[in-house]
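Enquirer: Here you go, sequence then predicted model.
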Amino acid sequence: MAIFFIISASARAQVVPAATGPIGPLVSGSLHYSLNYTQTAQFYSGTQGASQSCGTTGELTFITAKAHPLAVTYSGGDMWTISGAGGESGVYQHLMVSQGFSGRFGAFNLNDNVSYMPQAPTIGFSGIPGVGTLPGEPGAPAQPILTLNTRSVNNMTGASFSHSLNHATSLSISSGYGILRFPDSNGLETNSLQVGPQLTRRLNALNSISGQYSFSRFSYPGSTISMGTQSAEFGYMRTWSRRLNTSISAGPQWVSGSAGSNIPSSTNLTMSANMAYAARSMTATLSYMQGSSGGAGVTNQVGVQNKDVNAALSRQQGKNLSLSVTGGYMRTQGLQQAGVTNGMFAGASASRRWGRYISSSVNYTATQQSSSSALPANAISGLSQVVGFSIGFSPREMRFRK
């Protein structure tokens, strides 16, 4: 982590030079970087008021496409408050590394995803409103209870293995270990461990079935309390056409807690369903998920039951204009305490390229959150709105060959 932050700080002080010289003979792959300036206005109901922020961000991606592919993406920047007490400010960092290995016995992948954010995630993978959202999305909440000004460090390390048993049957095993920390001690710090094998059987060209077992364990630094879940899911995947495919999986989930945790042992339903439509100029997705997890992060509530619905639609209008809308609903209920938190969000964005290297975008996101539980003072209450504008510089990627 120390090396990571030193490198990130150095990257803020200088522009990445053109990758020429000795790197070409050493590796084969592609290198791409982009720089952006963003300005946002936030409007919150209640005592949080209104604020304005601006910031700069950069992203650097390197990918190799050999038998053992490597992908490295770093993004980071700084936000400053222009006006208002509730403006988002501070340095944020995000690093993803993925290394793949392929052989006769299958494919193996190692990955690590580490981030430092000045607030708990509300929209997009970076947690910064208007900055770092996924391509084509104005932003979807990444945490079930939305808060402001909550610094967090999140690191997830994972490994996966896949192997074809025969022409129609494949086996995959995935695992992950994650930590969530709050430097200001204003959130529920969590360690999590997940592992699960999955068996998939292709019935014909259009239909497949699957069976999966998952085990998760959550522990909390400084506490003897722990929580565990086990689930067995059975799934069905259907390809309706070249453009439309759907999948659904469901099964029982068993929840248990350590002695003294007050988490009642229970059996619940875990379920996920997805639909994806892709045409030449338009894509649409719809997803639903429900299940139990170790906590909401920003409260001291150990163990929650989540139900999330998300939808997104994007359209490419000509060569240079992209439009997208997204929306969703989140319901979070504690396993220990009574009370439910409901959140809804909707957003729209438009981005346009101006020539080869310059692009601009505008976005709007509205979030409505209410709760019958006791939430921290910095939790979003009522309606919040974010309007953002950004302009970016993104040259062509550079390719290297041995």
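Expert: Here it is on my side, so go on. These numbers come from a predicted model, not from an experiment. Numbers count the residues shown, from 1 in each chain.
Enquirer: average pLDDT for whichever helix or strand Ala346 is part of?
Expert: Ala346 belongs to strand 340-354 when assigned by DSSP states H and E. Averaged over strand 340-354, pLDDT sits at 89.
Enquirer: How far off centre is it?
Expert: Offset of strand 340-354 from its chain centre (CA atoms, centre = their mean, to the nearest Å): 15 Å.
Enquirer: Please identify the buried residues of it?
Expert: Neighbour counts over strand 340-354 (16 or more other CB atoms under 10 Å) mark Thr341, Gly343, Met344, Phe345, Ala346, Gly347, Ala348, Ser349, Ala350, Ser351, Arg353 as buried. (Glycine included, C-beta is placed from N, CA and C.)
Enquirer: So what are the sheet partners of it and their directions?
Expert: strand 321-334 (antiparallel), strand 358-371 (antiparallel) (DSSP bridges).
Enquirer: just so I know, which of those lies nearest Tyr44?
Expert: When those are compared by CB to CB, strand 358-371 sits nearest Tyr44, at 9.5 Å.
Enquirer: Only alpha carbons, please: show that closest one as PDB.
Expert: Taking Å, rounded to 0.1, in the frame of the first residue of the first chain, the C-alpha atoms of strand 358-371 are listed here in PDB:
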ATOM      1  CA  ILE A 358     -11.000  15.700 -27.000                       C
ATOM      2  CA  SER A 359     -14.400  14.800 -25.500                       C
ATOM      3  CA  SER A 360     -16.900  16.300 -23.200                       C
ATOM      4  CA  SER A 361     -19.800  15.000 -21.100                       C
ATOM      5  CA  VAL A 362     -22.700  16.200 -19.000                       C
ATOM      6  CA  ASN A 363     -24.600  14.100 -16.400                       C
ATOM      7  CA  TYR A 364     -27.400  14.300 -13.900                       C
ATOM      8  CA  THR A 365     -28.100  11.900 -11.000                       C
ATOM      9  CA  ALA A 366     -30.900  12.000  -8.500                       C
ATOM     10  CA  THR A 367     -31.000   9.800  -5.300                       C
ATOM     11  CA  GLN A 368     -33.800   9.500  -2.800                       C
ATOM     12  CA  GLN A 369     -33.100   7.700   0.500                       C
ATOM     13  CA  SER A 370     -35.300   7.200   3.500                       C
ATOM     14  CA  SER A 371     -34.900   4.900   6.500                       C
END
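Enquirer: can you offset everything so residue one is 497?
Expert: Sure, I'll start counting at 497 from here, so that last one is strand 854-867.
Enquirer: Report the beta-bridge partners for Pro841.
Expert: Check again: residue 841 is Phe, not Pro. Here Phe841, judged by DSSP bridges, has bridge partners Gly824, Thr863.
Enquirer: What's the mean pLDDT across the helix or strand harbouring Ala655?
Expert: Element membership for Ala655, per DSSP H and E: strand 648-660. Strand 648-660 comes out with an average pLDDT of 93.
Enquirer: that older thread, is it possible to export the strands paired with strand 836-850 to JSON lines including mean neighbour count?
Expert: Formatted as JSON lines, the strands paired with strand 836-850 follow (neighbours: other CB atoms under 10 Å):
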{"stretch": "strand 817-830", "mean neighbour count": "19"}
{"stretch": "strand 854-867", "mean neighbour count": "19"}
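Enquirer: Which of these sits closest to Phe539?
Expert: Proximity to Phe539 (CB to CB) singles out strand 854-867 among these, at 9.3 Å.
Enquirer: Could you check this structure and say which of its helices or strands has the lowest average pLDDT?
Expert: Least confident helix or strand, the chain: helix 498-509 with a mean of 38, by mean pLDDT, DSSP states H and E.
Enquirer: rewinding a little: nearest to Ser704, out of the buried residues of strand 836-850: which one, please.
Expert: The closest of these, once distances to Ser704 are taken by CB to CB, is Phe841, at 32.2 Å.
Enquirer: That closest one reaches Thr861, doesn't it?
Expert: Yes: between Phe841 and Thr861 a contact is recorded at 6.5 Å, counting by CB atoms under 8 Å.
Enquirer: got the end-to-end distance for stretch 673-689?
Expert: 5 Å (CA to CA, to the nearest Å).
Enquirer: Can you give the distance from it to the centre of its chain?
Expert: 16 Å.
Enquirer: so where's the chain uncertain?
Expert: Residue ranges of the chain with pLDDT under 70: 497-523, 542-544, 581-584, 615-645, 755-757, 792-797, 833-834, 872-874, 898.
Enquirer: quick one: the helices in it?
Expert: 498-509, 519-522 (DSSP state H).
Enquirer: quick one on the thing from earlier: want to throw the strands paired with strand 836-850 into a markdown table with distance to Met767?
Expert: Listed next are these as a markdown table, based on distance: least, CB to CB, whole Å:
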| stretch | distance to Met767 |
| --- | --- |
| strand 817-830 | 13 |
| strand 854-867 | 23 |
